[in-house]
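Chemist: What shape does this take:
(one chain, ligands or ions: 2)
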Amino acid sequence: MPQPHLRTVVVLAAGEGKRMKSALPKVLHPLLGRTLLGHVLTAAAPLAADRTVVVVGHGAEQVRAHLTEIAPDATPVLQAQQLGTGHAVRIALEAVPEASGTVVVINGDVPLLRAETVAALVAAHEGEGAAATVLAAEVPDPTGLGRIVRDAAGRLEQIVEERDATPAQRALREINAGIYAFDAVRLRDALGKLSTDNDQGEEYLTDVFGLLVSAGEPVGVHVAADHVETLGCNDRVELAGLRRLLRDRVNEAWMRTGVSILDPDTTWIDVTATVERDAVIDQNTQLRGTTVVGAQAVVGPDVTLIDTVVGAAATVLRSHAVGAEVGPGASVGPYAYLRPAARLAEKSKVGTFVEVKNSEVGPGAKVPHLSYVGDATIGAKANIGAATIFVNYDGVNKHRTVVGEAAFIGCDTSLIAPVEVGAGAYVAAGSAISQDVPPGALGVTRAPQRSIEGWVARKRAGTVSAAAAERALAEGASAGGPVAREGEAIHGDAETVGRPSAAGDTATE
Ligand code: UD1
Ligand code: MG
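Modeler: Numbers count the residues shown, from 1 in each chain. Ligands and ions are numbered 1, 2, ... in the order given. Prediction:
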């Protein structure tokens, strides 16, 4: 004999959500880090139900796949035809014949619902030994919602859908939030007696209340302290409204824990993200997914972090990061792009117009400007000059580059992987490095320079450049360096061309 279930949660998620006008089922629309369905399941999670049943119908395959990801223990039950909320619960209970005790039913489209509120509803219901208890709220605009109809003594008489209501009932502003607790046995019994005698010809779950009242069963109303929690979502305008409300709730909670949010109206923090004390979040910032921002870090303005960890006291300015790690005290941006498995160690720097993917940037190492770092390991305190490209892809395979501790890569260098630059080695600016550079050596592949005298006068006569050159030469100006006549090569001495200052004078801090 299976143990009886003392608590069962049923989430109704079979409806199409027509007014969303979407290929995505309504309950799968995202809202600050979770789907609508994900929010509802999270609110129900602390009830520690023995079984959670999710009624699926429209987009059933998509909803089932999502459940496998976010709530593998939940049982999807198919309602092939949406014949009403009462019909949906009836089908759900057929799938859990062992359910006894309390059945909590939640509409799948009330994402602002708090766990505390569901818990309070269930506690009130179980405490009073009621047959059924409905979560109600006073709302400014009850349009489209079921009304709570009470008798002269204030006891629940019935729940009436707006389309079936009398004008007097329509004037009521106390609504049914679509969240209920039932006694399983009496719920099953009443569900068997539902009619479809209403404007939509559906089996209404709400009619269970009228039936129980007529049978003399005790029913209760639990009024939500904050009606905002009960707001449903029927179209994308309402979804955007819910997103703003949730944003404000999340931001306020973080500010109360000691986080500075400079512009709460433009700061969007997923419910799944974490921000530590004394972090500063500047405007136009999104913290998404499993992002964590450490204590005293400064993030923003204009930053999007997705599944990214930012260490204590790091700064991230006008940048986009996905699946990256920014170490304590590190500095990112402005205009950096950190891609998955970009790992920046403490006090490292990834600066302006720099893209980093699947690479470690060592402690105190710097990649300040205009670079691509892919599949690389960069040692501590290495300096990567402007416009260095880690050439990681040969068209078929990706290869790794290793840059040793305190190595110095001159500007405009290609490091053609697989390749290794040893600790303390230098690479001359403008080199294309495809062979390992030993520790302490200078790697240089630069062609020697030659200057062909008089070329502009001969080939670009009549231009502003020719005129400027003529004036300069008349004043006796001369540039140093080897000079050749046209067609004549100059053979430089590698030691001279590659002198450390050749790297140093064009590298940047
Ligand atoms: C329902 C309530 C109404 C309440 C409102 C709160 C009924 C009859 N009415 O109305 O009193 O004020 O919620 O938002 O219950 N669903 C199914 N199968 C179905 C029909 C619906 O799974 O056959 C699901 C929907 O996907 C949705 C939920 O049940 O998540 C509510 O259905 P919906 O059609 O939105 O009911 P409302 O008209 O909003
Ligand atoms: Mg609805």
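Chemist: The stretch 151-300 of the chain against ligand 1: which residues are in contact?
Modeler: Listed as neighbours of ligand 1 in the stretch 151-300 of the chain under the rule CB under 6 Å from any ligand atom: 159, 161, 175-178, 204-206, 232. Bear in mind the C-beta positions are built from the backbone N, C-alpha and C, glycine included.
Chemist: With respect to pLDDT, which of the residues you listed ranks lowest?
Modeler: Lowest in pLDDT among those is Gly232, which has 93.
Chemist: Touching, it and Leu239? I think so.
Modeler: No. Counting by CB atoms under 8 Å, Gly232 stays clear of Leu239, with 10.3 Å between them.
Chemist: For the residue of the stretch 51-200 of the chain found nearest ligand 1, give me its contacts.
Modeler: Among the residues of the stretch 51-200 of the chain, Gly146 lies nearest to ligand 1; the distance is 2.1 Å by CB to the nearest ligand atom. Applying CB atoms under 8 Å, 6 or more residues apart in numbering, one finds that Gly146 lies in contact with 159-162, 175-176, 178, 206.
Chemist: Among those residues, which ones are in helices?
Modeler: Among those, the subset assigned to helices under DSSP state H is empty.
Chemist: Could you export the residues of the stretch 151-300 of the chain next to ligand 1 as TSV, including distance to Ala60 and neighbour count?
Modeler: Shown next, in TSV, are those (distance: CB to CB, whole Å; neighbours: other CB atoms under 10 Å):
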residue	distance to Ala60	neighbour count
Ile159	28	24
Glu161	25	19
Ile175	29	25
Asn176	26	24
Ala177	25	27
Gly178	21	22
Tyr204	22	23
Leu205	20	30
Thr206	24	23
Gly232	21	20
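Chemist: Looking at those residues, which is nearest Ala123?
Modeler: Nearest to Ala123 out of these is Ala177 (CB to CB; 16.4 Å).
Chemist: Hmm, that closest one is touching Ala137, no?
Modeler: Yes. Using CB under 8 Å, Ala177 is in contact with Ala137, at 5.5 Å.
Chemist: between the two, what contacts are shared?
Modeler: 224, 229-230.
Chemist: Where neighbours are concerned, which of those has the most?
Modeler: Counting neighbours by other CB atoms under 10 Å, Thr230 comes out on top of the shared contacts of Ala177 and Ala137 with 24 neighbours.
Chemist: measure stretch 371-383 end to end?
Modeler: End-to-end span of stretch 371-383 (CA to CA, to the nearest Å): 12 Å.
Chemist: how about CSV for the shared contacts of Ala177 and Ala137, with distance to Leu211 added?
Modeler: Converted to CSV, the shared contacts of Ala177 and Ala137 look like this (distance: CB to CB, whole Å):
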residue, distance to Leu211
Ala224, 24
Glu229, 27
Thr230, 23
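Chemist: Just to be sure, Ser100 is in a strand?
Modeler: Yes. Per DSSP: H, G, I helix; E, B strand; the rest coil, Ser100 lies within a strand segment.
Chemist: Per-residue pLDDT of it, please?
Modeler: 93.
Chemist: In contact with Met211, which residues?
Modeler: Quick fix: residue 211 reads Leu, not Met. Counted by CB under 8 Å, 6+ apart, Leu211 has contacts 190, 193-194.
Chemist: Ignore what I typed, I meant Gly364.
Modeler: Applying CB under 8 Å, 6+ apart, the residues near Gly364 are 345-348, 380-381.
Chemist: same deal with Pro218?
Modeler: 128-131 are the contacts of Pro218 under CB under 8 Å, 6+ apart.
Chemist: Need the pLDDT of it.
Modeler: pLDDT, Pro218: 98.
Chemist: if I look at it, how far off is Glu470?
Modeler: Look at Pro218 and Glu470: by CB to CB, to the nearest Å, they are 105 Å apart.
Chemist: Please apply the same query to Ala181.
Modeler: The spacing between Ala181 and Glu470, counted by CB to CB, is 94 Å.
Chemist: again, but for Ala429
Modeler: In terms of CB to CB, Ala429 sits 31 Å off from Glu470.
Chemist: Distance to Pro76 for the contacts of Gly146 - can I get that in JSON lines?
Modeler: Shown next, in JSON lines, are those (distance: CB to CB, whole Å):
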{"residue": "Ile159", "distance to Pro76": "27"}
{"residue": "Val160", "distance to Pro76": "31"}
{"residue": "Glu161", "distance to Pro76": "27"}
{"residue": "Glu162", "distance to Pro76": "30"}
{"residue": "Ile175", "distance to Pro76": "29"}
{"residue": "Asn176", "distance to Pro76": "25"}
{"residue": "Gly178", "distance to Pro76": "20"}
{"residue": "Thr206", "distance to Pro76": "24"}
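Chemist: before we move on, the earlier item: of the contacts of Pro218 - the most surrounded one?
Modeler: Among these, Ala131 has the most neighbours (other CB under 10 Å), with 25 neighbours.
Chemist: Okay, that residue and His39: tell me how far apart.
Modeler: Relative to His39, and taking CB to CB, Ala131 is found at 28 Å.
Chemist: Looking at Ala181 and Glu470 now, which is surrounded by more residues?
Modeler: Neighbour tally, Ala181 and Glu470, criterion other CB under 10 Å: the higher count belongs to Ala181, 26 against 13.
Chemist: Pro140: neighbour count?
Modeler: By the criterion of other CB under 10 Å, Pro140 has 6 neighbours.
Chemist: doesn't it fall inside a helix?
Modeler: No. Counting by three-state DSSP, Pro140 is located in no helix; its state is coil.
Chemist: who touches it in this structure?
Modeler: Taking CB under 8 Å, 6+ apart as the test, what Pro140 contacts is 173, 227.
Chemist: With Ser214 instead?
Modeler: Listed by CB under 8 Å, 6+ apart, Ser214 has no contact partners.
Chemist: Look at it and report its pLDDT.
Modeler: The model's pLDDT for Ser214 equals 97.
Chemist: now this structure, which segments are flagged as low pLDDT?
Modeler: 1-5, 477-509 (pLDDT under 70).
Chemist: try 50
Modeler: For the chain, residues meeting the criterion pLDDT under 50 lie at 489-507.
Chemist: center of it, which residue is that?
Modeler: Residue closest to the average C-alpha location in the chain (CA atoms, centre = their mean): Arg288, at 2.7 Å.
Chemist: beta partners for that residue?
Modeler: Ile306 (DSSP bridges).
Chemist: any idea how far it lies from ligand 1?
Modeler: Using CB to the nearest ligand atom, to the nearest Å, we find Arg288 at a distance of 25 Å from ligand 1.
Chemist: Relative to Ile269, how far out is that residue?
Modeler: Arg288 is 8 Å from Ile269, by CB to CB.
Chemist: I'd like the contacts of Pro218 as a markdown table, with distance to ligand 1 appended.
Modeler: Output for these, formatted as a markdown table (distance: CB to the nearest ligand atom, whole Å):
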| residue | distance to ligand 1 |
| --- | --- |
| Glu128 | 22 |
| Gly129 | 24 |
| Ala130 | 18 |
| Ala131 | 17 |
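Chemist: Which members of the residues you listed are positioned in helices?
Modeler: If you go by DSSP H, the contacts of Pro218 have Glu128 in helices.
Chemist: Make TSV from the contacts of Pro218 and add distance to Leu32 to it.
Modeler: Listed next are those as TSV, based on distance: CB to CB, whole Å:
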residue	distance to Leu32
Glu128	35
Gly129	38
Ala130	34
Ala131	36
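Chemist: Go through the contacts of Pro218 and say which is closest to Val96.
Modeler: Ala131 (18.7 Å).
Chemist: Run a quick neighbour tally on Ala425.
Modeler: Ala425 is flanked by 24 other residues according to other CB under 10 Å.
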